[in-house]
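Undergrad: Dropping a prediction and its sequence here:
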Amino acid sequence: MAGQDLIDRKDCLLVVIDVQEKLMPVISGKERVIANTATLVRFCGICGIPVVFTEQKKLGPTVPEVKGLTQCSAPVEKIHFNCFMNGEFRNQVERLGRKTIVLAGAESHICVAQTAIAALPRLRVHVIADAVSSRSPDNRAIALERMRGAGVVISSTEMFIYEILREAGTDEFKAVLPLVK
């Protein structure tokens, strides 16, 4: 299982980390992060890819622009920065049985990076660069560099979408097209 293989829809899940009402106002490029995360959640709904949400305690609920797009299970409330230190999160990921996690959310240099790096020994990890950020653009850049160096695949919203779709002209492709136009 090489880290650079094409992603497989039957073997991946999306993790939306801490895209919360009290945190997002201070995140650099928050509009881009929210819009791309919303696109990812919609896309996963169309393609049947599971989505797991996390919420850092005391930062409020996931923003409605993202959470309102799915009927998936309740977000995992956490106090740890590394999501895998939360038993409920770990159990959800294990129950789903997927070998690839796709990460979006905040903050790049804290919760996203710690979760990505912690997952590497047992999972393939893709971080969607245009759907993650931090309060500081410098911290986002450093986080992406560190994660890439650790073996995380750095991708984008459209790369992920088209990699999953694999071909044009299908009904699924037509259903997804409005998301990328």
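TA: Here it is on my side, so go on. Numbering: from 1, shown residues only.
Undergrad: With adjacent residues omitted, what lies nearest to residue 142?
TA: residue 109 (6.2 Å; C-beta to C-beta, 6 or more residues apart in numbering). C-beta: built from backbone N, CA, C; applies to glycine.
Undergrad: which helix in this protein runs the most residues?
TA: The residue-count maximum for a helix in the chain (DSSP state H) belongs to helix 30-47.
Undergrad: How far does the lowest-mean-pLDDT helix or strand in the chain sit from its chain's centre?
TA: Lowest by mean pLDDT, DSSP states H and E among the helices and strands of the chain is helix 64-67, with a mean of 86. Distance of helix 64-67 from its chain centroid, counting by C-alpha atoms, centre = their mean, to the nearest Å, is 14 Å.
Undergrad: hey, C-alpha coordinates of it in CSV?
TA: What follows is helix 64-67, C-alpha atoms only, in CSV (Å, rounded to 0.1, in the frame of the first residue of the first chain):
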residue,chain,number,x,y,z
PRO,A,64,-24.0,25.4,9.5
GLU,A,65,-22.7,25.9,6.0
VAL,A,66,-20.9,22.6,6.4
LYS,A,67,-22.8,20.6,9.0
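Undergrad: picking up where we left off before, check contacts around the residue nearest to residue 142.
TA: Applying C-beta atoms under 8 Å, 6 or more residues apart in numbering, we find residue 109 in contact with 134, 139, 140, 142, 143, 146.
Undergrad: Buried only: go through those for me.
TA: For the contacts of residue 109, a burial check counting by 16 or more other C-beta atoms under 10 Å picks out 134, 139, 140, 143.
Undergrad: The third one is in contact with residue 30, isn't it?
TA: No: look at residue 140 against residue 30 with C-beta atoms under 8 Å: they stay out of range, at 11.7 Å.
Undergrad: Distance of residue 12 relative to residue 76?
TA: Distance of residue 12 to residue 76, computed by C-beta to C-beta, to the nearest Å: 18 Å.
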